[in-house]
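Trainee: only geometry, no sequence info:
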């Protein structure tokens, strides 16, 4: 709930001004990479008793309203949802609308990410049902937030940061609502089968373990036991059957598409060459790449080079796509460790291939664990909305200050052996390489290589990489030189956003400290309520 | 640690005298089935930070001593182990001996069960390294306990009760030592591959989740990632490689053996007929049976009847054996939900068949969860050391008062739709059916049928079962009548054990309350220290 206490702004270790309180909870400003040490014990849900649950294991209730009432929904509670159904999800909004019908107010909606199709949540914010959103806000909801219209503050966390926040008790989920492509009446559920199949359900795992109450919503009820199960029914309170948990055409793409832009293909090729020439592509190596057009093209180039040189990866990390599945099926990698599944080939593979393993933010990304998978990856290829001359990067706002994207696993992936940002040097005639990022999402010390269509810049901190490619034919250039060239092409630096002094959201670092602030944008100040 | 406070004995709801304090911790006497309501939140381990673990994921250390020191071993700590390697386990004793070399004292050893091959622990108790054992004590260790030689009190818990105790914070594990037939350097591990393969590792799951520190010990190190993993490396502190975690000949039987005793075969046949005639054996039914000779014979008879009548089970619960695997492979069951794997056929099946699923005491048995699998099982076939005329049963002591067995999942399984105890009416000329059980492990109200070679007794509370088999040819008889007949054959009732008034161990009920007391036996009182 919003606090009336005056929020003070403090300068953190990255030089950014951040609030000392967010939504009534005091905050630790970012202290530097690895500097914040957590204390205490993990959060834990209440102890239940099986006597309160049906002995025959049938936890079905009539509808979401009944389920929410049964779970004790009341004003001010935290309601969570996951985003494995992406822009096709119907369940989160269904649950929030059911809450609205029940008449509760001031909820905190805690999605692992929200999407344009969920902009109905704006109406619920206007009506006071939702106080604010903590979670990635893609598109209209992020825009609404930067317009200063959300009562509470937005809190953006990485996938690993979301796990960390739940695990560490920073966010207490009262009721988790889990959309399940397959579930049994006991609540065991899985994502890899059913008409709304989405692959892994890892983003919902923390919710299922730590929430006080858990509701599973499915459109594909199977008899107990649902095999395999990624979410355990033993954590579930109620199961609700609905006609459709989502729109299959928007849950997974039929096929993910490689970029056709010659510039972007060139970037992808540079990245693949870099991995080869820097000696990262070697027998037993590992990499992670997303589902964007450049990343897919990169995998395609890399695959060709691996095949030609007879090199096999030991593991690759998804988001999985057709291109990763091909690597696995051709024996070019021993396995896929998959956090989310982007296309139908990915879904088919994770459902059938025991070497295509569903992971969770706990195994992959949680910074407050006994290690995680991200730091074991040799190279990761990521995008960014902006990169600055100190290799700092932004993934959430555009240069005009508008919040339009989530962090995803991006921050967590920076722990890889070699972090490569594969970005066009400008978009829509606005430079991507800037003097200072609008919003800091990733500290430059963790970003090793910027690959653009105009050349590749290596972070001066990585002398080892500079040495490794010294004799290659790669167009290695200083980042400032690329920036200057881009500014000449675009007719100057991007206009700096003018914003009010009102913080509307914060970006958390992977350890729960506050890395940066997102401000209400100025030209909309007059529309404030 | 032992307490000097005078322990008071209270009468519980089953009429048994139980101590109000055990090992310094106050206790709730058994209140009746489903009567005790827990409160509060689950226990949770400390928050870690990945900066304390190697970024390359390699957590190997030289040996167990190094690992224990790294995990901060000191006097009075709780050290846990699992028993999936059964009498073949070498790891628990290895760890306790390493602790002894480090020089710590007064440890509580918290195995999920202990076995005769671990009687070396007696020496460590004599030397003060181990203060006491909480966990099943099979054979010599149980005997040592009933002789009154253990300083602290023994605490016997079911598999589900052990999960409940850890989860509810009754037992705080400082260091868990997990024997792993396969593990990677990060600590991911699995039980279904390797020279010491044992199938499921479910008994170690709670330890891995809730312990402050976790050490994985393996004799089959594979490169990251170990696929599949049942224990997550993200919970693991150190990995230790050893030559052999156990003696394969004692870990799993090559093949489990059906009883050859005509009397016991008769019991098994009665049980199978009972399931058929009571209408429990029907399409889509489920059952659980152990790996004892009678249980195996029962499965064999049942299988024949299922095949003849074209009936398929929906699921069967392991401990898995060749006989359950045959059901699965012949399509007579849709799946096996397996808590432990008893023979090589079981291991092969769980390693390769996705319909043979490893479970844990959390999914199967935890009484303080949102339901569990045990109550969904239509019929369970169990053994007992004694049964009394009120259908109460004992599985831990013999009629002479000696503690020789653990509870296993026995108490948890009593939640099934129909609980059948398949027991010979006497053993070594000592009646199994008695006036009052020496030690109460299962309340009679949960035990439905006693099947002996002399007839089948149905609990009068189960009028539905009595009606169901009224017109069958089964030898249904009152339990007292069978008891009287057995006493005639054996020449009287078994001698009641004479014991001191010193409690040496307690039997917990599935909810953590104290169900009964095990007393120091009298004829050994003079050997007390």
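Mentor: Great, that's in hand. Worth saying up front: this structure is predicted, and the values here are computed from it rather than measured.

Trainee: going by C-alpha atoms from here, please, whenever you check contacts or count neighbours.
Mentor: Will do.

Trainee: pLDDT averaged over the helix or strand harbouring residue A:276 - what is it?
Mentor: Residue A:276 is part of helix A:262-277, with elements assigned from DSSP states H and E. Across helix A:262-277, pLDDT averages out at 97.

Trainee: kindly report the same for stretch A:474-487.
Mentor: Rounded mean pLDDT across stretch A:474-487 is 98.

Trainee: and for stretch A:63-74?
Mentor: 98.

Trainee: that stretch close to chain B?
Mentor: No: taking CA under 8 Å from any CA of the partner chain as the criterion, stretch A:63-74 and chain B are apart, separated by no less than 12.6 Å.

Trainee: give the buried residues for that stretch.
Mentor: Residues of stretch A:63-74 classed as buried by neighbour count (16 or more other CA atoms under 10 Å in any protein chain shown): A:63-65, A:67-68, A:71, A:73-74.

Trainee: neighbouring contacts of it?
Mentor: Residues from elsewhere that reach stretch A:63-74, judged by CA atoms under 8 Å, 6 or more residues apart in numbering or on different chains: A:61, A:94-95, A:98-99, A:101-102, A:104-105, A:175, A:213-215, A:237-242.

Trainee: now the stretch 201-350 of chain A against chain B: closest residue?
Mentor: With CA to the nearest CA, the shortest gap between the stretch 201-350 of chain A and chain B falls at residue A:234, namely 5.0 Å.

Trainee: so who does that residue touch?
Mentor: By CA under 8 Å, 6+ apart, the residues touching residue A:234 are A:186-188, B:362-363, B:369-372.

Trainee: among the residues you listed, who's most crowded?
Mentor: Counting neighbours by other CA atoms under 10 Å in any protein chain shown, residue A:187 leads the contacts of residue A:234 with 35 neighbours.

Trainee: residue A:204 contacts residue A:82, doesn't it?
Mentor: Yes: contact criterion CA atoms under 8 Å: residue A:204 and residue A:82 qualify, at 5.4 Å.

Trainee: which neighbours do these two share?
Mentor: In contact with both residue A:204 and residue A:82: A:112, A:178, using CA under 8 Å, 6+ apart.

Trainee: need the contact partners of the helix holding residue A:276.
Mentor: Contacts for helix A:262-277 (CA under 8 Å, 6+ apart): A:259, A:281-282, A:293-295, A:297-299, A:301-302, A:379, A:381, A:420, A:422-424, A:451-453, A:456, A:468-469, A:472, A:474.

Trainee: where do the helices of the stretch 101-250 of chain A begin and end?
Mentor: Assigned by DSSP state H, counting those that start in this stretch, the stretch 101-250 of chain A shows helices spanning A:120-126, A:140-146, A:159-167, A:205-210, A:248-251.

Trainee: average pLDDT for the fourth one, rounded please.
Mentor: So the one you mean is helix A:205-210. 98.

Trainee: any bit of it sitting next to chain B?
Mentor: No: on the criterion CA under 8 Å from any CA, helix A:205-210 is out of touch with chain B, staying 10.0 Å away.

Trainee: contacts for that helix next, please.
Mentor: By CA under 8 Å, 6+ apart, helix A:205-210 touches A:43-45, A:80-81, A:163, A:166-167, A:172-173, A:176, A:178, A:214, A:230-232, A:235-236, A:360, A:362.

Trainee: how far does it sit from the chain's center?
Mentor: Centre-to-centre, helix A:205-210 and its host chain are 16 Å apart (CA atoms, centre = their mean, to the nearest Å).

Trainee: for the shortest one, same thing?
Mentor: Distance of helix A:248-251 from the chain centroid (CA atoms, centre = their mean) equals 19 Å.

Trainee: before we move on, the earlier item: would a markdown table of the buried residues of stretch A:63-74 with distance to residue A:495 and secondary structure be doable?
Mentor: As requested, these are exported to a markdown table (distance: CA to CA, whole Å; DSSP: H, G, I helix; E, B strand; the rest coil):
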| residue | distance to residue A:495 | secondary structure |
| --- | --- | --- |
| A:63 | 50 | coil |
| A:64 | 47 | helix |
| A:65 | 48 | helix |
| A:67 | 49 | helix |
| A:68 | 47 | helix |
| A:71 | 49 | coil |
| A:73 | 46 | coil |
| A:74 | 45 | coil |
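
Trainee: how about a markdown table for the residues you listed, with distance to residue B:519 added?
Mentor: As requested, these are arranged in a markdown table below (distance: CA to CA, whole Å):
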| residue | distance to residue B:519 |
| --- | --- |
| A:63 | 54 |
| A:64 | 53 |
| A:65 | 54 |
| A:67 | 49 |
| A:68 | 50 |
| A:71 | 45 |
| A:73 | 50 |
| A:74 | 51 |
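
Trainee: chain B: which of these is nearest?
Mentor: Using CA to the nearest CA, those come closest to chain B at residue A:71, 12.6 Å.

Trainee: residues in contact with the one helix or strand residue A:487 maps to?
Mentor: Assigned by DSSP H and E, residue A:487 belongs to helix A:479-490. Identification of contacts with helix A:479-490 by CA under 8 Å, 6+ apart yields A:389, A:425-426, A:429-431, A:433-434, A:450, A:454-458, A:493.

Trainee: so what's the predicted local confidence for residue A:498?
Mentor: 83.

Trainee: ok, the nearest residue to it once chain neighbours are set aside - contacts?
Mentor: Spatially, and ignoring its direct neighbours in sequence, residue A:498 is nearest to residue A:522 (5.6 Å; CA to CA, 6 or more residues apart in numbering or on different chains). Residue A:522 sits next to A:498-500 when contact means CA under 8 Å, 6+ apart.

Trainee: and those residues, which of them are buried?
Mentor: Those of the contacts of residue A:522 that meet the buried threshold are residue A:499, by 16+ other CA under 10 Å.

Trainee: same list (the contacts of residue A:522) but as JSON lines, adding secondary structure and distance to residue A:323.
Mentor: What follows is those, written out as JSON lines (DSSP: H, G, I helix; E, B strand; the rest coil; distance: CA to CA, whole Å):
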{"residue": "A:498", "secondary structure": "coil", "distance to residue A:323": "42"}
{"residue": "A:499", "secondary structure": "strand", "distance to residue A:323": "42"}
{"residue": "A:500", "secondary structure": "strand", "distance to residue A:323": "44"}
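
Trainee: how about the contacts made by residue A:75?
Mentor: By CA under 8 Å, 6+ apart, the neighbours of residue A:75 are A:104-107.

Trainee: name the SS class of the residue most central in space within chain A, please.
Mentor: By CA atoms, centre = their mean, chain A has its centre lying nearest to residue A:408, at 1.5 Å. State at residue A:408, reduced to three classes by DSSP: H, G, I helix; E, B strand; the rest coil: coil.

Trainee: pull out the buried residues from stretch A:318-329.
Mentor: A:318-328.

Trainee: ok, now stretch A:112-124?
Mentor: Neighbour counts over stretch A:112-124 (16+ other CA under 10 Å) mark A:112-119, A:121-122, A:124 as buried.

Trainee: picking that back up, quick check: what element follows the helix holding residue A:276 along the chain?
Mentor: For helix A:262-277, the following helix or strand on the C-terminal side (DSSP H and E) is strand A:285-289.

Trainee: so which of the buried residues of stretch A:112-124 is the closest to chain B?
Mentor: Using CA to the nearest CA, residue A:112 is the member of these that lies nearest chain B, at 21.1 Å.

Trainee: determine the number of other residues adjacent to the closest residue to the closest one other than its chain neighbours.
Mentor: Distances taken as CA to CA, 6+ apart place residue A:82 nearest to residue A:112, at 4.9 Å, with adjacent residues excluded. Other residues near residue A:82 number 26, with proximity taken as other CA under 10 Å.
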